[in-house]
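**Student:** 3D, please:
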Amino acid sequence: MKMTTRFLPPVLLALLWSCGASGQDLQSESSKDNLRRLLTDQFATPRHHVTNPAGLEAAKTFIYDTWKSYHMQVGQHRFTLVKNGEAYEGTNLFAIWPGRKHMTADDKIFIVTAHYESPYNMPGVEDNGSGLAAMMEAARIITSQRCIPEYTVVFTAFDFNSNVERDAPVNPCPTIGCGCRAFLRDILLPFLDQSGITSEDIQGVLVLDGLLNYNNTAGAQVIPAEDAFKTQPGFIDAYNAIVADGYRGNFISVVRREYDASLAAVFNTKFDEELNPQFKRRTVTVPFYNITEQITQNPLWPLYRGVTDTDIRAMYDFIPEAKALFITDSLIYRGREKEWLSLTSDDVMTITDDRLNFLKKTTDAVTKMVLDLSGHKNTCNDPLHELPPEFKSGFAMKGTLGMPDGTYQDISLNVPWFSFRDQSHGLLIANISSKSWWLLMGGRYDSVEHMFHFHHSVPLELPGAPATVSCSVFGRFHPEAAGVAITGRMRGTCSPTLVFPQEHPGPWSRIGEIYLYGNADGANSPNTGNTPKPTAGSPAAVKGPSLAAPVVLSLLGGMLLSAAVAVALWFVYKRRMAASTTNSLPMKEGL
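**Tutor:** Now for the predicted structure:
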């Protein structure tokens, strides 16, 4: 399996609030104008490896650049499928919005997915431009919130989803969701392992596929394998409601297992709380936990396959321990302007106000569900108010890092602080270095716990191992006798020589431990040789002063160093942003 990654410049957006100490949150409702623009300007054309590879590439670039403009940790996962001896290259896209528990055993990751390749010779607005539009709008809103979420949110756009009949001659995927399966194997599971968690710790997965087709015409809704559908537990309630309503296509379907009941309850509540009660909801419960040979040999398998014929089946098959929902308008089972089997790439679905409002209601339910389950708070403190005042314009510190071989290495930390007047956020960039390596990282300051959270913006591809997005650095401010210290830890794989497991038992407990010191008032340290005495329990205290060589920088020197790095990084950042904004949605002020 060939796999490479391409990441944004090593800059990740920090949540730097413009509100006061009890500032109110930003709007959490989607924009109909944004949804319409996404559907008409970005996802109206076909996106297929054979019929329109240029359209597929354009959509990939737009999704990547837009997520980058939202300052998430964005990556491309390249994988290879083989059919009849011929190799086919696919590309998944993913974006990570780290929470406070990111890269810890307490994280409860939430995943939102939509496939971006459209079926063979199909227009692509409904399948699956609508799912993409909902996911992109949800990502915009979630990354616009001023408060740091408790848990990490991951957005993914999958390639090579379909293996429907019209795709079979040209699609190398032998089953449904090949791109999804490759991502789970190559990226997600290694990331979970690095975090010290398993797929059982995933809080939820939403698969969005077909969310636009509202058709209130009587008889518009087709029920697959109707004779079986109406008699199966888990299907009967949905069947009776559809029949009583005249087979109208006026609802969103929630497909789940019994195992997913608690997750479905949250979505159902959020959906029912939204306006427009004419847009209804129907739930279908499939009677299995994971997909086994016994399930596929069941005479009712065609029915179960029909309601899970997308990436949700790959989720149930590959990571059944993760609660997951399939949110859909039922796609081919709902009538539209033209019969599905006769559609061509020219038959673009009409975007009516009813359909747009239908999409908006589902988008809002998804967004509010993710905000709630990611532990988002409605109010939070202003980090500039909480940050020690001497460090608000940037700072530089020196100290030690506990290395994998048990020794300590002198390191430096430089943080230039950016606050843009034309955005609701600012950038927090950290340069962490030693004599032999340096890491350019991005992150946020947590004003609740008074901690910095930095994340390596460029995952690594190591020989014989998949790329990792696990590198993170966190630290907490502590007042010292003559300055301020940061104590924290480096976790994950940050370079081939900087590999720090989640847990460090026994004598290796100080591996990855960080101790940094800076003099807040800019004066020299009162200790002999300008070397501050570390706090008891810090790495330097354990090993002795010679192992921690923190150098107290003067205030002027620190400001000059911060300014120099700031100018360079700002120049790189603006050039990259200029290249991406042509195809990107407006940034957060569009709320």
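**Student:** work out for me the element the closest residue to residue 198 other than its chain neighbours sits within.
**Tutor:** Of all residues beyond its chain neighbours, the one nearest residue 198 is residue 192 (6.0 Å), with distances taken as CB to CB, 6 or more residues apart in numbering. Every C-beta, even on glycine, is put in place using the N, C-alpha and C of the backbone. Element membership for residue 192 (DSSP states H and E) is helix 189-195.
**Student:** pull out the buried residues from that helix.
**Tutor:** Buried residues in helix 189-195, counted by 16 or more other CB atoms under 10 Å: 189-192, 194-195.
**Student:** picking that back up, need the contact list for the residue nearest to residue 198.
**Tutor:** 109, 198-199, 201-202 (CB atoms under 8 Å, 6 or more residues apart in numbering).
**Student:** same thing but 10 Å
**Tutor:** Going by CB atoms under 10 Å, 6 or more residues apart in numbering, residue 192 touches 107, 109, 184, 198-202, 319, 322, 470.
**Student:** how about residue 123?
**Tutor:** Residue 123 neighbours (CB under 10 Å, 6+ apart): 43-47, 129, 343-349.
**Student:** of all those, which two lie farthest apart?
**Tutor:** For the contacts of residue 123, with distances taken as CB to CB, the pair at the greatest spread is 43 and 344 (17.1 Å).
**Student:** comparing the two, which residue is more hemmed in?
**Tutor:** Neighbour count, other CB atoms under 10 Å: between residue 43 and residue 344, residue 43 has more, with 28 against 11.
**Student:** list the contacts of the more buried one.
**Tutor:** If you count contacts by CB under 10 Å, 6+ apart, residue 43 has them with 37, 55, 58-59, 62-63, 116, 118, 123-126, 128-133, 136.
**Student:** picking up where we left off before, format the contacts of residue 123 as TSV; extra columns: pLDDT and secondary structure.
**Tutor:** Converted to TSV, these look like this (pLDDT from 0 to 100; DSSP: H, G, I helix; E, B strand; the rest coil):
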residue	pLDDT	secondary structure
43	96	coil
44	91	coil
45	90	coil
46	92	coil
47	93	coil
129	96	helix
343	78	coil
344	78	coil
345	79	coil
346	81	coil
347	83	coil
348	85	coil
349	90	coil
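**Student:** now tabulate the residues you listed in JSON lines and tack on distance to residue 370.
**Tutor:** Conversion of these to JSON lines gives the following (distance: CB to CB, whole Å):
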{"residue": "43", "distance to residue 370": "21"}
{"residue": "44", "distance to residue 370": "26"}
{"residue": "45", "distance to residue 370": "28"}
{"residue": "46", "distance to residue 370": "29"}
{"residue": "47", "distance to residue 370": "25"}
{"residue": "129", "distance to residue 370": "20"}
{"residue": "343", "distance to residue 370": "32"}
{"residue": "344", "distance to residue 370": "35"}
{"residue": "345", "distance to residue 370": "33"}
{"residue": "346", "distance to residue 370": "35"}
{"residue": "347", "distance to residue 370": "33"}
{"residue": "348", "distance to residue 370": "29"}
{"residue": "349", "distance to residue 370": "26"}
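**Student:** residue ranges with poor pLDDT in the stretch 101-250 of the chain?
**Tutor:** Where the stretch 101-250 of the chain drops to pLDDT under 70, the residues are 163-166, 168.
**Student:** residue boundaries of the strands in it?
**Tutor:** Assigned by DSSP state E, counting those that start in this stretch, the stretch 101-250 of the chain shows strands spanning 110-115, 153-158, 204-208.
**Student:** to residue 400, which of these lies closest?
**Tutor:** The nearest among those, by CB to CB, is strand 153-158 at 32.9 Å.
**Student:** now that closest one: how far from the chain's centre is it?
**Tutor:** 5 Å (CA atoms, centre = their mean, to the nearest Å).
**Student:** now stretch 430-445
**Tutor:** With CA atoms, centre = their mean, you get 22 Å for stretch 430-445.
**Student:** for the record, mean pLDDT for it?
**Tutor:** In this model, stretch 430-445 carries a mean pLDDT of 87.
**Student:** span of that stretch from start to end?
**Tutor:** The first residue of stretch 430-445 is 11 Å away from its last residue (CA to CA, to the nearest Å).
**Student:** go on, stretch 313-331?
**Tutor:** For stretch 313-331, the first and last residues are 16 Å from each other (CA to CA).
**Student:** quick one: average pLDDT of that stretch?
**Tutor:** In the prediction, stretch 313-331 has an average pLDDT of 97.
**Student:** need the helices for the stretch 201-350 of the chain, in chain order.
**Tutor:** Secondary structure of the stretch 201-350 of the chain, counting by DSSP state H, counting those that start in this stretch: helices at 226-229, 236-244, 261-273, 293-296, 301-307, 311-318.
**Student:** which one, of the ones you listed, ends up nearest to residue 372?
**Tutor:** Residue 372 lies closest, by CB to CB, to one member of the helices of the stretch 201-350 of the chain: helix 261-273, at 7.0 Å.
**Student:** in space, what's closest to the spatially most central residue of the chain - neighbours in sequence excluded?
**Tutor:** Central residue of the chain (CA atoms, centre = their mean): residue 154, 2.2 Å from the mean position. Spatial nearest neighbour of residue 154, excluding adjacent residues (CB to CB, 6+ apart): residue 111 at 4.7 Å.
**Student:** wait, that neighbour touches residue 138, no?
**Tutor:** No: contact criterion CB atoms under 10 Å: residue 111 and residue 138 do not qualify, at 12.0 Å.
**Student:** helix, strand or coil for residue 515?
**Tutor:** Secondary structure, DSSP: H, G, I helix; E, B strand; the rest coil: residue 515 is strand.
**Student:** can you give me the neighbour number for residue 259?
**Tutor:** Look at residue 259: counted by other CB under 10 Å, it has 17 neighbours.
**Student:** quick check, pLDDT for the nearest residue to it once chain neighbours are set aside.
**Tutor:** Nearest residue to residue 259, sequence neighbours excluded (CB to CB, 6+ apart): residue 289, at 5.6 Å. We note a pLDDT of 95 for residue 289 in this prediction.
**Student:** right, and residue 289 touches residue 321 too?
**Tutor:** Yes: with contact defined as CB under 10 Å, residue 289 and residue 321 form a contacting pair (9.2 Å).
**Student:** specify the beta-bridge partners of the residue nearest to the centre of the chain.
**Tutor:** residue 96, residue 111 (DSSP bridges).
**Student:** would you agree it is in contact with residue 113?
**Tutor:** Yes: using CB under 10 Å, residue 154 makes contact with residue 113 at a distance of 8.6 Å.
**Student:** so what sits against both of those two?
**Tutor:** With CB under 10 Å, 6+ apart as the test, residue 154 and residue 113 both reach 94, 183, 205.
**Student:** mind checking the SS state of the first one?
**Tutor:** Right, residue 94. Put simply, residue 94 is strand when judged by three-state DSSP.
**Student:** so what's it closest to, chain neighbours aside?
**Tutor:** Nearest to residue 94 is residue 156, by CB to CB, 6+ apart, at 4.7 Å.
**Student:** tell me how many other residues surround that neighbour.
**Tutor:** For residue 156, the neighbour count with other CB under 10 Å is 26.
**Student:** one step back: most surrounded residue in the shared contacts of residue 154 and residue 113?
**Tutor:** residue 183 (29 neighbours).
**Student:** can you pull the pLDDT of the nearest residue to it once chain neighbours are set aside?
**Tutor:** Nearest residue to residue 183 in three dimensions, chain neighbours excluded: residue 92, at 4.7 Å (CB to CB, 6+ apart). Looking at residue 92, its pLDDT is 96.
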